[in-house]
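Novice: Sequence and predicted structure below; questions after.
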Amino acid sequence: MMLRYAFKTVRARKAGFLGAFLALMCAAALITACGTLLETGLRGTIRTERYAATPVVVSGDQNVHQTTVKHKKGKTKVKHKAKPIAERAWLPADLGSTLAATPGVARVVPELTFLAEPLISGGTAADRPAHGHAWESAALTPYRLTEGTAPRAVTDVVVDRALAERARLAPGDRLTVQSTQAPRTYRVTGIAVPGTDVRHQTSLFFSAAEARRLAAHPDKVTAFGLIPEAGTDPGRLKQDVAAALRGTGAQVSIGDARGPVEFLDAAAARVKLVSMGGAMGGTSLLVAILVVVGTFALSVQQRRRELALLRAVAATSGQIRMLLGREALIVGAAAGTVGALVGIPLGGLLHDRFVALGAVPATLEHTAGFVPPLAAVAASLLGAWAAARIASRRVARIRPAEALSEARVERTRPAWGRVLAGLLLLAGGAVLVALLSVLHTEPASTPVTFLAVVVLSTSVALLGPLLVRAAALLLAAPLRLTGPGGRLATANLRGNAARMASVVTPLTLLIGMTCTVLFVQPTLGDAARAQAREGVRADWVVGSPGPGVPAEAARQLRTGGDVVTEVVRTTLRVGLDKYAAQGVTPAGITRTWDPDVTAGSLDRLSERTVAVSELAADHLDLTPGSALQLTLGDGTPATLTVAAVYARGLGFGDLTLAHDLVARHVDNPLSSSLLVSTHRTQTQLATTLREFPGVEVLSPAAADSLQAERQQANAEVNFLAMALVLAFTAIAVVNTLAMAVSERVREFALLRLAGATRRQVLGMLRTETVSVLLIATALGSAVALAVLTAFSVGMTGRAALAVTPLTYVTVVAGAGLLALVATALPGRVALRVRAVTVATAQE
C-alpha cells in the first residue's frame, strides 16, 4: 500500500523530485566511472605482443619480498608481503642450459630488451616506445624478413615495417639510433613484419654481439622464451620449469600473465590506477553523500506543508518515514540505473584521457565489468534511503497538533543533535589537518588532504544555520545600504537560515575542493623546484628532450677540464618502503651541487656509500656511519654506509648514490641531466656536443622553466583525476540553488502583492545570492587554506602555499557565475505567474 502511494507521489511530483534524481544520477555515474578505473587496475588485461609466439616465458622476479613471523599466545603467524621494483629484473644467461634440459622444452630463446630510439634529423622517428633486441629472438613474436637480410655486422640493423613506413626507410639506408650508449649510425639491412598485431612498440633488431653490448648487462638476459615440444601442455610445462628453477628467483608465465612481463610500465600502472580509482571513488562517495543528503533535506523541506497535513490527518511517524523511504528508493533506483549506464562510457573516456596524458600506458586495457555499475546502483539506493531518513526526522517526529503551524515557520534553533554532530566533525577535520602536518610522503598525504576537505565541508553543512545567522549579523549593515532588496535579503538570511545553509554547503565544497585540487600540486612542486634552484651550483645544465644524455657526452666535456656531474634517476626500496633516488658523479660534486649537507660529508660519496635526506634519515634512524640495506632498481640487494645527511630531499630525492652504481641497475642508464661547472660559454659547450642529436645546453634558469612545464603536465593528471568530483559538485550547486529558488513562488507572489516590483524581487534574489556566495567563499577558502597549509608544512617543512591570485579569483568568479545563473533563471520563471493566481492557489 505504502509503495503504491510512493509511486503516485513520485509520478505526481516529478518536478519536485528532479533535483534529487539529478544528484543521485551524477553520483552513480561518478562512482561507476571511478569503479571501472579501480577494476582496470585490479584485473585490466595487458596483452602480450613481443611474446605472442612463445607459450611460456621465464623472467626475473619483479618484487621485493618481506616475511615476518609473529609469536602470540602460543600461536605463530607468518605474513608475506611483496612490493614491485622500479626497473626490470634480469636473469643469469646460464639458466638457459637448465631450461633446455627440462622435459617438454623444444627450444630456448634468450631475449634482450633495451633502449633503442631511432633518430631522424635530431628527432625521434618513432611515435611509440622503441626497443632493441637481438635478431635471434625475432622468433618470439615472430618477426620475419620481407626485404633484405638479417643483421650480421655490429653496424647492421633490421627495423619493423611500421618504422620503415613512417621514416621512409629501405635496405641500404642509414639510421642513427640512441641506445644505452653514445648515438651510433647503422645500416638498415632488412625490413621485418610481425606475425601478430604489434601496436604499442617499435622493434629494432641488431646482431647478437651488438645487442649484448647495448643491453649493458654482461652474462644476463631479459627473459627466456620457451617453445614446447609438440603436444606439450603449457600449464604442465610451466609446473616442470618452475620446479627446475626453484630457488633461482625466476618467474614462469603463461597465457595473459605474459603481458605484465613484457610491459612493466603497464604492470606498475595497475597499482597507480587502484590507488587513483580508490581515492577518487572514496572522495566521490563522500561528496555524493553530502550533496544527496542536502538535496533531500531541501526536497523534504519544500514538502513540509504536505507532510504536515498527513500528520494532521492521523498519519503516524513511521508511516511518514516509510513513505519518504519508499519514494527515495524509487528515485534512487531510477537515478542509479541511468547514472550507472552513463558512468561506463564516462570511465572509458577518463581512461583514454589518462593514456593521452601519459599517466597510464595504452597497453593496460580499460575493463568495465558488472561490479562497478551494481555498486553504483546499490550506493544510490542506500544513499537515497539514508538521506530521506535523515531529512525526514523533524517532520516525522512532530506532534499532529503542531503539524500545520510547523509547516509555516522555520525552527529558529537547530537541533542539538545536529549541532553536536557538526562539532564532532569539525573536531575530526581539525585532527585530519593536524595529521597532514606530520605526513611527509605524497601517497600518504593526498588521500588525507581531500578527506579533510570533505569532512570540514560536512561540518559546515551541519553547522550551516548557525553560521548563516552569524554571517547575517555581520552583513546586516552593508546590506541595508543597498535599499529594500538588501533589507529583505537580511531578513531571509535570518529567518530562513536552514534553507540558506543548504545552498551554502555545496558552494563551500566547490570552492574548497577546487582550490585544494588546483593548489596542492603547485605547492609541492614549487617547494621542490625552489630547493633544486638553491642546490644547483653549476654554470650550465645539459639536457635532452629524448631518452637522456649519454655518458660519452660527459666524457667529452671533461676532456676540456670541466667538472661534470652526471645525474640518473630511479626508485629504490628500503625494506618495502619506496624512495626517490638519484645517482651522481662523486668527483667534484661540491662544485656543481649543494643539497645542504647537515651531517657528514659528500667527499665520502662512492659506490660503497650513500647520502640520505633528513626525512629518510629520521624515518630509518640513520646517521653518518650507519649501514643501510636497500634494494636497487632492478632488485639487486646492496648494503651501503651513510656518508652524509642533507636537507633538500624534496628537490633532489631521499637517497643519493654514486652514478655508476645506479646506472648499472636501471633500464635507461642515460643521464637525465649533466651539471657542468666551466669557464666555457654556452656556444662552446654546444660545439663540443654537436655530435649528440637533441642534446641542449641550458642555463639553470632555463632548466628550471622546463621543470615547471613538466610539473604542469603532472598537475594536469592530478586535476583530471578530481575533475569529475568538481564537475559533480558544480552540478550540485546549480541543482540546489535552482531547487531553493523554485520553492519560493508563493513568497515572491506575496512580495509582489505587497507592492514589490519584479525588478525589486530579482534584486533581492541577487543580493541573497551574493551574500551566500560571500559566506561560502569565506568558509571554502578557510577550509582550503587550513588543509593546504597543513599539507605544505608536512611536505616541505614550512607554510609556503603556491596560490595564484588570478586562479583563485577565477574560481570564486566561476562559483559566483554558477550561483547567479542558477538563481536568476528559476527566479524569472517563478515571477512569470500572476501573483494573485499563485497566492490563491497556495491558500
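Specialist: Arrived safely.

Novice: A376 belongs to a helix?
Specialist: Yes. Checked against DSSP: H, G, I helix; E, B strand; the rest coil, A376 lies within a helix.

Novice: What is the neighbour count of it?
Specialist: A376: 34 surrounding residues under other C-beta atoms under 10 Å. (Each C-beta comes from the backbone N, C-alpha and C, glycine too.)

Novice: separation between it and L30?
Specialist: As judged by C-beta to C-beta, to the nearest Å, A376 and L30 stand 8 Å apart.

Novice: anything in contact with each of those two?
Specialist: When C-beta atoms under 8 Å, 6 or more residues apart in numbering defines a contact, the residues bordering A376 and L30 alike are 339, 343.

Novice: Tell me the secondary structure at P522.
Specialist: helix.

Novice: what about the helices in the stretch 401-550 of the chain?
Specialist: With DSSP state H, counting those that start in this stretch as the criterion, the stretch 401-550 of the chain has helices at 403-408, 416-436, 442-480, 484-495, 497-535.

Novice: Give me the buried positions along the second one.
Specialist: Residues 418, 421-422, 425-426, 428-430, 432-433, 435-436 are the ones in helix 416-436 that count as buried (16 or more other C-beta atoms under 10 Å).

Novice: Report the distance from it to the chain centre.
Specialist: How far helix 416-436 lies from its chain's middle: 27 Å, per C-alpha atoms, centre = their mean, to the nearest Å.

Novice: What are the contacting residues of it?
Specialist: Under the contact criterion C-beta under 8 Å, 6+ apart, helix 416-436 has outside partners 445, 448-449, 451-452, 455-456, 458-459, 461-463, 466, 786-787, 790-791, 793-794.

Novice: thinking again about what came up before, for the buried residues of helix 416-436, give me CSV that also has pLDDT and distance to T68.
Specialist: Shown next, in CSV, are the buried residues of helix 416-436 (pLDDT from 0 to 100; distance: C-beta to C-beta, whole Å):
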residue, pLDDT, distance to T68
R418, 78, 46
A421, 86, 40
G422, 87, 42
L425, 90, 37
L426, 92, 39
G428, 93, 32
G429, 92, 35
A430, 94, 35
L432, 93, 30
V433, 94, 33
L435, 93, 26
L436, 91, 29
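
Novice: isn't L237 right next to V56, touching?
Specialist: Yes. If you go by C-beta atoms under 8 Å, L237 and V56 touch, sitting 5.6 Å apart.

Novice: looking at the helices of the stretch 401-550 of the chain, which is closest to R184?
Specialist: When these are compared by C-beta to C-beta, helix 497-535 sits nearest R184, at 32.5 Å.

Novice: dump the residue contacts of A581.
Specialist: 569-572, 653-657, 662.

Novice: what pLDDT does it get?
Specialist: If you check A581, the pLDDT there is 95.

Novice: Dihedrals phi and psi, it?
Specialist: Phi and psi for A581, reported as degrees, to the nearest 10, are phi -140, psi 160.

Novice: Setting aside sequence-adjacent positions, which residue approaches it most closely?
Specialist: Closest residue in space to A581, ignoring its immediate chain neighbours: L655 at 4.0 Å, by C-beta to C-beta, 6 or more residues apart in numbering.

Novice: now that neighbour: how far from A617?
Specialist: L655 is 10 Å from A617, where distance means C-beta to C-beta.

Novice: picking up where we left off before, of L237 and V56, who's got more company?
Specialist: V56 (26 against 21).

Novice: And the closest residue to that one other than its chain neighbours, how far from T98?
Specialist: Closest residue to V56 apart from its sequence neighbours, by C-beta to C-beta, 6+ apart: L226 at 4.1 Å. Distance from L226 to T98, counting by C-beta to C-beta: 12 Å.

Novice: between the helices of the stretch 401-550 of the chain, which gets nearest to T149?
Specialist: Ranking the helices of the stretch 401-550 of the chain by proximity to T149 (C-beta to C-beta) places helix 497-535 first, at 49.5 Å.

Novice: Off-centre distance for the closest one?
Specialist: For helix 497-535, the separation from the chain centroid amounts to 16 Å (computed by C-alpha atoms, centre = their mean).

Novice: Overlap in contacts, L237 and V56.
Specialist: Joint contacts of L237 and V56 (C-beta under 8 Å, 6+ apart) are 226, 228.

Novice: most tightly surrounded among the helices of the stretch 401-550 of the chain?
Specialist: Ranked by mean neighbour count, these are led by helix 497-535 with a mean of 23 (mean count of other C-beta atoms under 10 Å).

Novice: can you confirm G325 is in a helix?
Specialist: Yes. G325: assigned to a helix according to three-state DSSP.

Novice: Which residues are in contact with it?
Specialist: By C-beta under 8 Å, 6+ apart, the neighbours of G325 are 385, 388-389, 392.

Novice: Likewise for L382?
Specialist: Going by C-beta under 8 Å, 6+ apart, L382 touches G332.

Novice: And the pLDDT at it?
Specialist: On the pLDDT scale, L382 is placed at 86.

Novice: again with H65
Specialist: What the model reports for H65 is a pLDDT of 88.

Novice: One more: A839?
Specialist: pLDDT recorded at A839 is 51.

Novice: Kindly report the same for V313.
Specialist: 72.

Novice: hmm, back to that, most neighbours of all the contacts of G325, which one?
Specialist: In terms of neighbours by other C-beta under 10 Å, the contacts of G325 top out with A388 at 26 neighbours.

Novice: That residue - nearest residue in space that isn't next to it in sequence?
Specialist: Computed as C-beta to C-beta, 6+ apart, the closest residue to A388 that is not its neighbour in sequence is A328, at 3.5 Å.

Novice: My read is that A335 contacts G19, right?
Specialist: No. Applying C-beta under 8 Å, one finds A335 not in contact with G19, separated by 10.8 Å.

Novice: Which one of those two is surrounded by more residues?
Specialist: Using other C-beta under 10 Å as the criterion, A335 and G19 rank with A335 on top: 28 against 23.

Novice: What's the separation between the more buried one and A27?
Specialist: The gap separating A335 from A27 is 8 Å, by C-beta to C-beta.

Novice: which residues are in contact with both of these two?
Specialist: With C-beta under 8 Å, 6+ apart, A335 and A27 have common neighbours S380.

Novice: neighbours of the residue nearest to L112 when sequence neighbours are not counted, just the number please.
Specialist: By the measure of C-beta to C-beta, 6+ apart, the closest residue to L112 outside its immediate chain neighbours is A215, 4.6 Å from it. A215 has 24 neighbours, counted by other C-beta under 10 Å.
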